[in-house]
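Student: for reference, the sequence and a predicted model appear below.
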Amino acid sequence: MMRIFRRYPRVVIGGTLLAILVGLSLLAPWIAPYDPIKLSVANRLKPPSEKFWFGTDAYGRDVLSRTLWGGQISLLIAVSVAFASTVIGTSIGLIAGYFRAMDAVVMRVMDGLMAIPGILLAVAMLSLSKASVQTVIIAITIPEIPRVVRLVRAVVLSLREQTFVSGAISSGSRLPRILFRHILPNALTPIIVQATYIAASAVLIEAYLGFLGVGTPPETPSWGNIIAEGRNFIMLAIWSVLFPGLFLGTMVLSINILGDGIRDMLDPRIAKRI
Amino acid sequence: MFGYIVRRILMTIPVMLVVAVVVFLLLHLSPGDPAAIIAGDNATDEDIQRIRVSLGFDRPLLTQFTLWIGALVQGDLGVSVFNKVSVWELIVQRMEPTLMLAATTMGFAVLIAVPVGVLAAWKAGSWIDHLIMGIAVLAFSAPVFLIGYGLVYQFARVWRILPVQGYTPMAQDFTGFWQHLVLPAITLGLVFAALLARMTRSTMMDVLNEDYIRTARAKGLAPSAVLIRHALKNAAVPIVTTIGLGIALLIGGVVVTESVFAIPGIGRLTIEAVTQRDYPVIQGVILIASFVYVLINLGIDLTYALLDPRIRY
C-alpha cells in the first residue's frame, strides 16, 4: 500500500478523496439527517449547530442533507457527460483521423463549435428546453465533444504513420479490425485522461448553470441550485453557499488530481514533461 | 507570406459559418414551437401567431436562414423581442464592463502565470514545481463563486475596504472603477492564471528539451539568459497561442463572475435575455462572443506570421 502511494501519490490522494465524496453522496438516503426538500418555516436561516451541522437555508431546509443529495446529481451528470462526450467524440475523431476525405469538413465543424464559449452554448440550449437533468447533460456534453474529437484525431493521425498500422493496412486487415484492434487500444490512455478532466469540468459547469438559473429544475437539490438560492442570503447565511461550494470544489479537485495521477501512471513518457 | 495571410483570413469564414448555422439551428431543432417558447407560458394563440410572423417563423426554413444570414452579413443582428431595441445596440450598451473585466483579468492572469509557469518548468521536479502546480490545480478546481464570495466576505464585509458589488464606468469615477473591478478581476484571474501557468509550464518544458538550449548552457551562458533569451522567446508563440484559445473559457468565466458581482455586462444581458426568452439577444451574444474569439485568434496568428519568419505554410 505504501509502495503504491509513493509511486502514484496523486492516484491515491485523488482516488481516496473522490471515493469518500462518492460514498457520502450515494449513502445520502441513509445518512442525511433530514429530508432535503422538506420546508420548515421555524428553522429558517439557522447557523451551523449541533442540530444542523451546516445550518439551514432560507426555507428552513437542512444544508447538510441537501449537500449530500446534491452530490448524487453532480455524480450522475459527471459520469454521463464524460461517457457521452468521449464515446461520441471518439467515434467522430476516428472517422476524421482515418478517412482523409471527411477530415476537412468534420474539423471545420469542430472549429466552429469550439469558437462558441461552452457556457454560453449550454445556456442557450437550456433556455430553449424544459429544465431537466437530461437536458443539462446534453447541454454540457455538446460543447465538450470537439475537444475529444481533436485529441482522438491527432492520435489517429500519428498512429497511421506507425509501422504496425501501415503493416495491418497493407496485409489486408479489414477496417473494423484496424480501427478497434490497432488504433483504439493505443489511443485509450489519452482518452481516459481526457474523460476524467471532462468529468471534473462537468461538475463545475452543472454548478455554474444552476447558479445562473438555467440548470436542473429549481426543486432539485443540486449543488448549483443550493448555491443559487443561498446567494440571495449570502450576507446573512454564508453557510448555505460555503458548504455546498466546498463539497463542489473538493469533488472537482479530487477528480483533477486523479486525472493527473492516471496520466502519470498510464503514460510515464508524458509524466516527465507535463 | 501574402498567400498565408489570405489563407488564414479565409479560414475564418467556414468557422463563422458553422457558428451561424449552429446558432440558427439551436432555435429550430429544439423540441417544441420556437414562437411558443419565446412567447412564454401565459401567451395566447394570438401572441404566438404574432411572434411567429414577426420573426418570420412561418416561412420555409431555408428562406429564414438565407434572410437571417443576409442580414447578419450586413451587421444586422435583429431586434430584441422584449425591448424592441436592436440587439446590436443592447450589446454595445453592455460592452464596456465585460471588456474591462476580461482585459483586467487577462492582464492579471498573464502577469502571474507566465513567470510562475516558467519557474516551475525551470525547476521541474523540485518542491517549488510541486508547490506551484499544486496551487494551480487547487485554483482551477475552485468554483468561481466560492473565491468571489470569499473575497467579498473578507474585503467588503469584514474589512469594509471595497464595495460589495456593482460597477462604475471608468469615465465617471476612476477610483470607483478600480475599487469595483479589483475583486472580480482577482476572482476570475486566479482561475485563469492557474490554467495558463500549467500551459506555460508544459510549453517551456518542450522548449527546454531542445538542442539549442543545451548548446546555450554548454557554452556557459548565465541561466537567466538561457531561460529568457533562448527559452522564453521561443516558447512565446505557443504560449500566446494557448492564451488565445483559452479566451473561450475566459468568456464563459466572465458570465459567471458578472453574476457573482452584479456587473451589468454581456453576461448579465444574456441571463436577462434567457429569463425573458429574448432569443434574438441570446443569438446575438453568442455570435458576437464567437466572432471576438475568432478575430483575436486570427490576430494572434497573423502577428506571429509577421514577426516570426519560421511560420509559413
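Tutor: Great, that's in hand.

Student: got phi/psi on B:Ser86?
Tutor: Note on B:Ser86: its backbone torsions stand at phi -70, psi 140 [degrees, to the nearest 10].

Student: phi and psi next, for the closest residue to it other than its chain neighbours.
Tutor: Using C-beta to C-beta, 6 or more residues apart in numbering or on different chains and skipping the chain neighbours, the partner closest in space to B:Ser86 is B:Val79 (5.6 Å). (Each C-beta comes from the backbone N, C-alpha and C, glycine too.) Note on B:Val79: backbone dihedrals following degrees, to the nearest 10 are phi -120, psi 140.

Student: do the same with B:Gln64
Tutor: phi -60, psi -40.

Student: ok, how many other residues are close to it?
Tutor: 17 (other C-beta atoms under 10 Å in any protein chain shown).

Student: B:Phe57 is in contact with that one, correct?
Tutor: Yes. Taking C-beta atoms under 8 Å as the definition, B:Gln64 is a contact partner of B:Phe57 at 7.1 Å.

Student: wait, the residue nearest to B:Ser86 sits on B:Trp88?
Tutor: No. The criterion here is C-beta under 8 Å, and B:Val79 misses it with B:Trp88 at 9.5 Å.

Student: mind checking which of the two has more residues around it?
Tutor: Ranked by neighbour count (other C-beta under 10 Å), B:Val79 and B:Trp88 place B:Val79 first, with 20 against 16.

Student: so what pLDDT did that one get?
Tutor: With respect to pLDDT, B:Val79 has a value of 84.

Student: go on, the one 10 residues further on?
Tutor: According to the model's per-residue confidence, B:Glu89 sits at a pLDDT of 91.

Student: residues in contact with the residue nearest to B:Ser86?
Tutor: Shown in contact with B:Val79 (C-beta atoms under 8 Å, 6 or more residues apart in numbering or on different chains): B:Val85, B:Ser86, B:Val87, B:Pro280.

Student: do that again at 7 Å, thanks
Tutor: Residues near B:Val79 by C-beta atoms under 7 Å, 6 or more residues apart in numbering or on different chains: B:Ser86, B:Val87, B:Pro280.

Student: cool, B:Leu101 as well?
Tutor: B:Leu181, B:Pro184, B:Ala185, B:Val254, B:Thr257, B:Glu258, B:Ile263, B:Gly265.

Student: and stretch A:55-74 with chain B, contact?
Tutor: No. Figure legend: stretch A:55-74 not in contact with chain B (C-beta under 7 Å from any C-beta of the partner chain); closest approach 11.5 Å.

Student: so how far is the first residue of that stretch from its last?
Tutor: One end of stretch A:55-74 to the other measures 21 Å (C-alpha to C-alpha, to the nearest Å).

Student: out of everything not next to it in sequence, what's closest to residue 200?
Tutor: Since no chain was named, I'll use chain A. Nearest residue to A:Ala200, sequence neighbours excluded (C-beta to C-beta, 6+ apart): A:Ile255, at 3.9 Å.

Student: try again with chain B
Tutor: For B:Thr200, the closest residue by C-beta to C-beta, 6+ apart turns out to be B:Gly117, at 2.7 Å.

Student: what backbone torsions are found at that neighbour?
Tutor: For B:Gly117, the backbone dihedrals (degrees, to the nearest 10) come out as phi -70, psi -40.

Student: so it makes contact with B:Met204?
Tutor: Yes. Between B:Gly117 and B:Met204 there is a contact under C-beta atoms under 7 Å: 6.5 Å.

Student: just how off-centre is the strand or helix carrying A:Gly224 within its chain?
Tutor: A:Gly224 is part of helix A:223-230 when elements are defined by DSSP states H and E. On the basis of C-alpha atoms, centre = their mean, to the nearest Å, helix A:223-230 sits 18 Å off its chain's mean C-alpha point.

Student: report all helices and strands that it contacts.
Tutor: Counting contacts by 3 or more C-beta pairs under 7 Å, 6 or more residues apart in numbering or on different chains; DSSP states H and E, helix A:223-230 packs against helix A:63-98, helix A:184-211, helix A:239-266.

Student: at 10 Å instead, please
Tutor: Counting contacts by 3 or more C-beta pairs under 10 Å, 6 or more residues apart in numbering or on different chains; DSSP states H and E, helix A:223-230 packs against helix A:63-98, helix A:184-211, helix A:239-266, helix B:144-152.

Student: rewinding a little: how far away is the residue nearest to B:Ser86 from chain A?
Tutor: In this view, B:Val79 and chain A are 18 Å apart by C-beta to the nearest C-beta, to the nearest Å.

Student: tell me where the model's unsure across the stretch 151-274 of chain A.
Tutor: Applying pLDDT under 70 to the stretch 151-274 of chain A flags residues A:268-274.

Student: make it 50
Tutor: A:271-274 (pLDDT under 50).

Student: what of chain B?
Tutor: Checking chain B against pLDDT under 50 turns up nothing.

Student: B:Glu89 touches B:Asp76, doesn't it?
Tutor: No. Shown here, B:Glu89 and B:Asp76 do not form a contact pair, counting by C-beta atoms under 10 Å, at 11.3 Å.

Student: so which residues on the stretch 51-200 of chain A come close to chain B?
Tutor: Contact residues, the stretch 51-200 of chain A versus chain B (C-beta under 10 Å from any C-beta of the partner chain): A:104-105, A:107-130, A:135, A:142-143, A:200.

Student: hmm, 7 Å instead?
Tutor: For the stretch 51-200 of chain A, the residues in contact with chain B (C-beta under 7 Å from any C-beta) are A:108-109, A:111-121, A:123-125, A:127-129, A:200.

Student: ok, now which ones touch A:Leu75?
Tutor: A:Val22, A:Ser25.

Student: same check on A:Thr189?
Tutor: Contacts for A:Thr189 (C-beta under 7 Å, 6+ apart) come out as A:Leu266, A:Asp267.

Student: how close does it sit to A:Thr196?
Tutor: Going from A:Thr189 to A:Thr196 by C-beta to C-beta, to the nearest Å gives 12 Å.

Student: and A:Ser173, by the same measure?
Tutor: Relative to A:Thr196, and taking C-beta to C-beta, A:Ser173 is found at 31 Å.

Student: tell me how chain B divides into domains.
Tutor: B:2-73, B:87-312 (automatic domain parsing).

Student: one step back: what's the closest of the contacts of B:Leu101 to A:Leu17?
Tutor: Nearest to A:Leu17 among these: B:Thr257, at 26.7 Å, using C-beta to C-beta.

Student: element containing the closest residue to that closest one other than its chain neighbours?
Tutor: Nearest residue to B:Thr257, sequence neighbours excluded (C-beta to C-beta, 6+ apart): B:Leu188, at 4.6 Å. Secondary-structure element containing B:Leu188, defined by DSSP H and E: helix B:174-208.

Student: elements contacting that helix?
Tutor: Other elements packing on helix B:174-208 under the criterion 3+ C-beta pairs under 7 Å, 6+ apart are helix A:268-273, helix B:87-122, helix B:127-141, helix B:144-152, helix B:233-245, helix B:247-260.

Student: tell me which of those helices sits most buried.
Tutor: Compared across the helices and strands packed on helix B:174-208, helix B:247-260 shows the largest average neighbour count, a mean of 24 (mean count of other C-beta atoms under 10 Å in any protein chain shown).

Student: and the angle from it to helix A:223-230?
Tutor: 30 degrees (axes from the mean of the first three to the mean of the last three C-alpha atoms, to 10 degrees).

Student: the helix or strand just after helix B:247-260 - contacts with which helices or strands?
Tutor: Per DSSP H and E, the first helix or strand lying C-terminal to helix B:247-260 is helix B:266-275. Using 3+ C-beta pairs under 7 Å, 6+ apart, the elements in contact with helix B:266-275 are helix A:118-128, helix B:87-122, helix B:247-260, helix B:279-307.

Student: just put those in TSV and tack on distance to A:Ala168.
Tutor: Below are the helices and strands packed on helix B:266-275 laid out as TSV (distance: least, C-beta to C-beta, whole Å):
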stretch	distance to A:Ala168
helix A:118-128	37
helix B:87-122	38
helix B:247-260	38
helix B:279-307	37
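
Student: looking at the ones you listed, spot the one closest to B:Ala197.
Tutor: The nearest among the helices and strands packed on helix B:266-275, by C-beta to C-beta, is helix B:87-122 at 4.2 Å.
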